[in-house]
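Enquirer: how would this look folded up:
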Amino acid sequence: MTANLARPKKTFCDLYTLHLCLLLLLLLPQLIFEKEGVYLHTNAKRSNQDTTIPGFIRIVENALLTLEWSPLEDEGRSAPAVLYTKKDGEGGEEDTNFDPGYEPDWAVISTVKRDRDPPFRPTGLWSFSLPLSELYSLRRARFSLGRNFLVLTSRGGHPLPPLHFHRGGTRELFRALQRYIMLDQSPVDGRLFLAYPHDSGALSQSFEKLQLFDDGGSDLVSRFIQDPYATTFGGFSKVTNFFKAALKPPGSPAHFRTAQDPSLPHQSDEEPGFELINCGVELGPRPDVTRGQPLNKWDEFLDPEGRVKYPEKIKELVFRGGVTPFLRKEVWKFLLGFYPWNSTAKEREDILRLKTDEYFRMKVQWKSVGEEQEMRNSLLRGYRSLIERDVSRTDRHNTFFSGNDNPGLTLLHDVLMTYCMYNFDLGYVQGMSDLLSPLLFVTQNEVESFWCLTGFMELVHQNFEESQEAMKKQLLQLSILLKALDPELCDFLDSQDSGSLCFCFRWLLIWFKREFSFEDILTMWEVIWSGLPCDNFHLLIACSILVSQRGELIGSDHDFNTILKHINELTMKLDLQTVLRGAEAIFLQLTQCKVGELPLKVQQVLGLYVPSSSEEDSPDSQASETRRLLGESPAGASSSSSSSSPHAARVPTYP
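Expert: Numbering: from 1, shown residues only. As a prediction, the model looks like this:
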């Protein structure tokens, strides 16, 4: 009896142990894919540390499917069971280092701060992992130096460190990934692959949220299978490739498209690279551009009451050649909004009188603050300290600011302190003294220079905000333009962890003030203030400089630090007229693209396309998700021809 009662208990224990073992087995990580010989370039600044680290890339299943990279030195731990693997290794290369030292504080070019932690998880000194559900895109390329690399981006917009496949292996990784997610080639950039879940139900649900069709509640995937053309192609002509991948059964073999004939045989996985997929933008030849003479007449543009008769003509002349020095004092006040273009001479006298009174009222505010009161005002005390430090080192080579106890330095200090009263929320930020000094030099007047500064700051004040959102946006816009102009240069910069273009930070912050001579900056700024030929012309100037340096950058074995060093050393070595000709030529080259081929984002950067209020970029907007679905192509745009280019009307006619 005792034995019979004990037997069920033993059976229950055995079953419990078996279930526990099975549960533990399920919880153990499984290695789905592993590839050796994938390198990380760390750009470490310590000379005793190797900056090229070989390692493994893996797909691991452990509650979540995760993409991981870890260096070889971390491989002491026991690896999980391998389901699919291939290894090939190669020694790394030693990188040279450069640690720039440059004053003032903001002028040390460095990466832009991130506003929040990225979704990928650091697992060691250099290791990281990213859940496949958080993978947004993969960008792969090979450039002229022969190094292959892959840049992965999370759904939060955070790029992971570039992974260098010295002996191939990207195709193997793509095939392994396509067993769990869909990778669809962007119609805008053939190097870019967007990641989507292998879930037709989720796909249909996303369409319902987009409301792409009249009856959004119906089974859209089924409708597409029955009648694909009537269902989708009428509204989204560029979505064809996405649907082909999205509707493919999950168990079907992976297939990679190429920019050439899809029927061509694929490259062998053993080859050290893959085909270079061309960018979706086909640019024509860059036209030759000539510059004009500076604006040297003023009175003939005024009517009897002193109104400017042809302001657009003046702006075109200023864009073409700048302004003669003796006219700058007058013309700049119009370009910067101190005087309205349609004001009479009498009205301008009244404006000057009112603005003078307003300026000195604000100046008295900070002048009347005593030492004891200022000791209890840390914000004002901090502004004053920064201004005094920056004024003492701003353009001291210029005779207007040189020497000790120079009255020009006193004016520079007083105008900046008064601006703190005018815009106390922003106050003073390092770099603003660089914007004021040319204005003060040209106007030779405290009041006029102040109001010209307020007009200038209306254009660039967001550059100085603590969040740096405007700077990050401009660097992103610059990247969009450069990718359309020179994909190979972008690939090279991406491979050297320089794709963020952070070395252009100082350029954009103070509009190239430190890169050109004082006299050249006067010309450049007035050209940009003309507002021609498009929005963000300063970004085209940056593109012109970068494109002019492509041979030096790609042709040499530059890494992150030497790229930074090279860009810093361009200071005072650039020819302004060559750069301006190049920037205008780039604009004409882009706007002369075939109808419908200029990407929407490029049009937006140049101000050639203005989205409606319903198309504003936000995480929750339908337009944002639509552009993601289309691989950043125009929302609802069709590749069919139209009577004219969408940006043709914005191209100016020059005198």
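Enquirer: buried residues in stretch 386-405?
Expert: The neighbour-count check on stretch 386-405 (16 or more other CB atoms under 10 Å) flags 386, 387, 390, 391, 394, 395, 400, 401 as buried. Yep, even glycine has a C-beta here, placed from its N, CA and C like the rest.
Enquirer: Sorry, slip of the keys, the one I care about is stretch 170-180.
Expert: For stretch 170-180, a neighbour-count test (16+ other CB under 10 Å) marks 170, 171, 172, 173, 174, 175, 176, 177, 178, 180 as buried.
Enquirer: hmm, back to that, nearest to residue 525 among the buried residues of stretch 386-405?
Expert: residue 395 (14.1 Å; CB to CB).
Enquirer: I figured that closest one was touching residue 518, is that so?
Expert: Yes - between residue 395 and residue 518 a contact is recorded at 6.6 Å, counting by CB atoms under 8 Å.
Enquirer: Show me the two of the buried residues of stretch 386-405 that sit farthest apart.
Expert: By the measure CB to CB, 386 and 400 form the most distant pair in those, at 21.4 Å.
Enquirer: and for residue 395 and residue 518, which residues touch both?
Expert: residue 441 (CB atoms under 8 Å, 6 or more residues apart in numbering).
Enquirer: Tell me where this protein has strands.
Expert: Applying DSSP state E to the chain gives strands spanning 30-41, 52-62, 64-71, 85-86, 121-122, 128-131, 135-142, 148-154, 163-165, 181-185, 192-197.
Enquirer: before we move on, back to that, sort out for me which of the buried residues of stretch 170-180 are in helices.
Expert: Assigned to helices by DSSP state H, the following of those qualify: 170, 171, 172, 173, 174, 175, 176, 177.
Enquirer: Tell me how far the fifth one lies from residue 59.
Expert: If I follow you right, that is residue 174. Distance, residue 174 to residue 59, by CB to CB, to the nearest Å: 11 Å.
Enquirer: same check, this time on the second one
Expert: Look at residue 171 and residue 59: by CB to CB, they are 14 Å apart.
Enquirer: so where's this structure shaky on pLDDT?
Expert: Applying pLDDT under 70 to the chain flags residues 1-29, 42-51, 73-125, 141-148, 167, 187-190, 198-281, 595, 612-655.
Enquirer: Spell out which residues make up each domain of it.
Expert: According to automatic domain parsing, the chain comprises the domains 31-246, 324-464, 469-650.
Enquirer: What are the buried residues along stretch 157-170?
Expert: Neighbour counts over stretch 157-170 (16+ other CB under 10 Å) mark 158-170 as buried.
Enquirer: Distance across that stretch, terminal residue to terminal residue?
Expert: Taking CA to CA, to the nearest Å, stretch 157-170 runs 22 Å from one end to the other.
Enquirer: cool, and stretch 419-428?
Expert: First-to-last distance for stretch 419-428 - CA to CA - comes to 8 Å.
Enquirer: What lies in contact with it?
Expert: Residues outside stretch 419-428 that contact it (CB under 8 Å, 6+ apart) are 362-363, 365-366, 379-380, 383, 386-387, 416-417, 432, 450, 453-454, 457, 461, 464-465.
Enquirer: what about 6 Å?
Expert: With contacts defined as CB atoms under 6 Å, 6 or more residues apart in numbering, stretch 419-428 is touched by 362, 365, 366, 383, 386, 387, 416.
Enquirer: can you give me the helices for the stretch 451-600 of the chain?
Expert: Counting by DSSP state H, counting those that start in this stretch, the stretch 451-600 of the chain has helices at residues 469-485, 487-495, 505-509, 518-529, 537-548, 550-554, 560-568, 576-591, 600-605.
Enquirer: re the thing from before, which one of the buried residues of stretch 157-170 sits closest to residue 52?
Expert: Closest to residue 52, out of all of these and judged by CB to CB, is residue 164, at 8.1 Å.
Enquirer: Skip the chain neighbours and tell me the closest residue to that closest one.
Expert: Closest residue to residue 164 apart from its sequence neighbours, by CB to CB, 6 or more residues apart in numbering: residue 39 at 4.2 Å.
Enquirer: quick one: the one you found from residue 53, how far?
Expert: From residue 39 to residue 53 the distance is 6 Å (CB to CB).
Enquirer: Same question for residue 407.
Expert: In this view, residue 407 and residue 53 are 57 Å apart by CB to CB.
Enquirer: likewise residue 443?
Expert: 55 Å.
Enquirer: One more: residue 60?
Expert: Taken as CB to CB, the span from residue 60 to residue 53 is 20 Å.
Enquirer: Check residue 396 too.
Expert: Using CB to CB, residue 396 is found at 45 Å from residue 53.
Enquirer: sorry, back to before: I'd like the strands of the chain as TSV, with distance to residue 315 appended.
Expert: As requested, the strands of the chain are exported to TSV (distance: least, CB to CB, whole Å):
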stretch	distance to residue 315
strand 30-41	46
strand 52-62	51
strand 64-71	52
strand 85-86	62
strand 121-122	51
strand 128-131	49
strand 135-142	39
strand 148-154	40
strand 163-165	48
strand 181-185	43
strand 192-197	38
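Enquirer: Packed most tightly, which of those strands would that be?
Expert: strand 163-165 (a mean of 24; mean count of other CB atoms under 10 Å).
Enquirer: my guess is residue 513 contacts residue 436, does it?
Expert: No - judged on CB atoms under 6 Å, residue 513 makes no contact with residue 436 at a distance of 10.6 Å.
Enquirer: Now the residue nearest to residue 607 when sequence neighbours are not counted: phi and psi?
Expert: Nearest non-adjacent residue to residue 607, counting by CB to CB, 6+ apart: residue 535, 3.0 Å away. With angles defined as degrees, to the nearest 10, residue 535 sits at phi -70, psi 150.
Enquirer: For burial, what's the neighbour tally of residue 535?
Expert: Number of residues near residue 535 (other CB atoms under 10 Å) recorded here: 15.
Enquirer: quick one: residue 132 and residue 182, what's the gap?
Expert: For residue 132 relative to residue 182 (CB to CB), the value is 11 Å.
Enquirer: Give the residues shared as contacts by these two.
Expert: Both residue 132 and residue 182 lack any common contact, where contact means CB under 6 Å, 6+ apart.
Enquirer: follow-up on the earlier one: could the ones in helices among the buried residues of stretch 170-180 go into JSON lines alongside distance to residue 557?
Expert: Converted to JSON lines, those look like this (distance: CB to CB, whole Å):
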{"residue": "170", "distance to residue 557": "22"}
{"residue": "171", "distance to residue 557": "27"}
{"residue": "172", "distance to residue 557": "28"}
{"residue": "173", "distance to residue 557": "26"}
{"residue": "174", "distance to residue 557": "28"}
{"residue": "175", "distance to residue 557": "32"}
{"residue": "176", "distance to residue 557": "32"}
{"residue": "177", "distance to residue 557": "31"}
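Enquirer: Which member of those is positioned nearest residue 72?
Expert: Nearest to residue 72 among those, counting by CB to CB, is residue 173 at 17.7 Å.
Enquirer: Roughly how far does that closest one sit from residue 56?
Expert: Residue 173 sits 11 Å away from residue 56, going by CB to CB.
Enquirer: got it, and residue 318?
Expert: To residue 56, residue 318 is 58 Å away according to CB to CB.
Enquirer: just residue 600 next, same as before
Expert: Going from residue 600 to residue 56 by CB to CB gives 39 Å.
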